[in-house]
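Undergrad: Return atomic coordinates for the entry below.
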Amino acid sequence: MQTDTHSSTNTQGIQPNPLHASLPDRLPAHLMSYVEAQRLASMKAIRQLPEILHRESGSPENDTGYSILKELLNGTVVRREGNSCLLIGARGSGKTQLVEQCIKPLAEDLLIIRLSGWIQASDRMAMQEIAYQVSQQTASFQTSLYPNNESPPKEADELLSIVDDAPLPPVSHLPSLISLLPQIGRPVVVILDAFDLFALHPRQSLLYCLLDTAQSCRASENMHGIIVVGITNRIDTIQLLEKRVKSRFSGRTISINASERTSRWKDVIFKILTEAVKGRNPHHDWEWEVMWKTANEFFLNNSDVEKLMGELLSVTKDIRTLRKLLTSLLIQLSPHSPFLSIPHFIFAGESQQARGRFPFPSSFTYPSLCLLAASFHLDTGGQPVFTFEVLHDIILEQVRRSSSAPIQVNGGNIGMVRSTRSVLEKSFEMLVTMKIFTPVIVSSNISPAFIKYRCCLDRDEVKTIIGKSGQINLRRWLARSSEL
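TA: As a prediction, this is how the structure comes out:
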């Protein structure tokens, strides 16, 4: 009887499931404390999305990239080589995460410098950031790297004097700082996020110094190796490099691909949600673990959840979208609502989907539709740029043609309705305000009547809007576009 009652209260669109039927309607009192603990554990897991190794649904290309980058790092650490490589992939495909996983086992033995093209807007800022990070990580250089009262090499001592003398080293010392990086006692890893933005800097001095240092690094007693790892989502990044910079780049590019399967997202969600929570009673721990996993299996196997994840994957492959979706779900958990809510997940997913550029096409007035149809004809004739006067003349000519039809109803013709010039001007201004018509060139020296505009709507969008308006004359007008 409990099953029937519970099924009748299911949210619309959710099918009854045997797993869900085994869940209690009300959480036992001794398990209420586990809800908050599980919520905190899952929120902590969201901050660092776990890496799930798949069998058939995984990304073998990323496994290959992991092996290549790991081998390059080993060459830098073990054989003291100078290396460079570039990771290319879409946003959210796991480029940065792959780099962090490779350097994590070696982090204690490395000097890691992280730069971002979004933050360091010039080469000078980037070099000063290198000096700052080196000074922070080598504050105890004498004691940690040379514990037996040994004196560092002359070059390393010179480097320390550069980075310790002042917060912002002189500009003349910045290039020499980079050339001395392999000699400071530890292998150096330089991570350049948004590598393509560094390639847009004038003269590309930073990239030249880093890549030249990596290329000239040879295994010796004083050299400890350096690797430069670039991260970008731009495919043509190498073509942006100057000839002198490109000649010093190793040419190694690693392609990182995001998974396109819903099973990838489901595995990651399940891994995040099933973070272990320990209490004082092992029996209660086991009881909560079974109940929580059962609820998660029902949630992930729901057809509405799978459909929504498929729709999101068709728009973006960024797995970081899960952070936003799961965060909005986890903050809703409480002792009175201890399990994930499918309606909340659907609402969160819909809120992440970007609405259309012009979500209210039905609000277009008849004069606005006439202006859109006129711009459609101009674009068909190879004239995508127009002024209001051009559209006004085209509309008047079409009204005259349609009014000459011999068929009349109740003493009037069945052609297009004529709109006055003032009404068309108001509608034109409305389309400009909605940014459907955008100016090509804006200048205070040009009279408003002669400003040229371009329609931002695609041809298919114009056809759809006019088709849904029910204006038969406008639809016929679009069908005769070949006459222009």
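Undergrad: C-alpha only now, for contacts and for neighbours.
TA: Will do.
Undergrad: And stretch 129-139, what's buried?
TA: By neighbour count on 16 or more other C-alpha atoms under 10 Å, the buried set for stretch 129-139 is 129-135, 138.
Undergrad: The nearest residue to residue 115 once chain neighbours are set aside: neighbour count?
TA: Nearest non-adjacent residue to residue 115, counting by C-alpha to C-alpha, 6 or more residues apart in numbering: residue 192, 5.0 Å away. The number of residues packed near residue 192 is 22, by other C-alpha atoms under 10 Å.
Undergrad: Report the distance from the strand or helix carrying residue 65 to the chain centre.
TA: Assigned by DSSP states H and E, residue 65 falls within helix 60-77. Distance of helix 60-77 from its chain centroid, counting by C-alpha atoms, centre = their mean, to the nearest Å, is 24 Å.
Undergrad: cool, and stretch 316-324?
TA: 8 Å.
Undergrad: again with stretch 460-470
TA: Taking mean C-alpha positions (C-alpha atoms, centre = their mean), stretch 460-470 and its chain are 32 Å apart.
Undergrad: Give me the phi and psi for the spatially most central residue of the chain.
TA: By C-alpha atoms, centre = their mean, the chain has its centre lying nearest to residue 91, at 4.3 Å. Backbone geometry at residue 91, expressed as degrees, to the nearest 10, gives phi -60, psi 130.
Undergrad: just to revisit the earlier point, check the buried residues of stretch 129-139 against residue 434 and report the nearest one.
TA: residue 129 (43.3 Å; C-alpha to C-alpha).
Undergrad: Doesn't that closest one lie inside a helix?
TA: Yes: the assignment for residue 129 by DSSP: H, G, I helix; E, B strand; the rest coil puts it in a helix.
Undergrad: other SSEs contacting the helix holding residue 65?
TA: Under the contact criterion of 3 or more C-alpha pairs under 8 Å, 6 or more residues apart in numbering; DSSP states H and E, helix 60-77 touches strand 82-89, helix 95-103, strand 226-232, strand 253-256.
Undergrad: For residue 34, which of these is the nearest?
TA: Between the helices and strands packed on helix 60-77, helix 95-103 lies closest to residue 34; by C-alpha to C-alpha that is 30.3 Å.
Undergrad: what's the closest one in contact with?
TA: Here helix 95-103 makes contact (C-alpha atoms under 8 Å, 6 or more residues apart in numbering) with 66, 69-70, 73, 87-89, 231, 256.
Undergrad: now the angle from that helix to strand 226-232?
TA: Taking axes from the mean of the first three to the mean of the last three C-alpha atoms, to 10 degrees, helix 95-103 and strand 226-232 form an angle of 160 degrees between their directions.
Undergrad: Tell me what angle helix 95-103 forms with helix 60-77.
TA: Using the same axes, to 10 degrees: helix 95-103 against helix 60-77 is 50 degrees.
Undergrad: Helix 95-103 vs strand 82-89, what angle?
TA: Interaxial angle, helix 95-103 versus strand 82-89 (the same axes, to 10 degrees): 140 degrees.
Undergrad: Next, the buried residues of helix 95-103.
TA: Under 16+ other C-alpha under 10 Å, the buried positions of helix 95-103 are 95-96, 98-99, 102-103.
Undergrad: Given the next helix or strand after it, what are its sheet partners and their directions?
TA: Downstream of helix 95-103, the next assigned helix or strand under DSSP H and E is strand 111-116. Strands flanking strand 111-116 in the sheet, each with its direction: strand 188-193 (parallel) (DSSP bridges).
Undergrad: related to what we said a few turns ago, my guess is the residue nearest to the centre of the chain meets residue 318, correct?
TA: Yes: Residue 91 lies in contact with residue 318 (C-alpha atoms under 8 Å); the separation is 6.2 Å.
Undergrad: who touches both of those two?
TA: By C-alpha under 8 Å, 6+ apart, residue 91 and residue 318 have no common neighbours.
Undergrad: what is residue 226 paired to in the beta sheet?
TA: Beta bridges link residue 226 to residue 82, residue 188 when assigned by DSSP bridges.
Undergrad: For residue 187, see how far away it is.
TA: To residue 187, residue 226 is 6 Å away according to C-alpha to C-alpha, to the nearest Å.
Undergrad: Check the contact lists of the two and give me the overlap.
TA: Listed as contacting both residue 226 and residue 187 by C-alpha under 8 Å, 6+ apart are 76, 80.
Undergrad: Those two: which is more packed in?
TA: Neighbours per residue (other C-alpha under 10 Å) separate residue 226 from residue 187, with residue 226 holding more: 33 against 25.
Undergrad: how near is that one to residue 327?
TA: Taking C-alpha to C-alpha, one finds residue 226 at 39 Å from residue 327.
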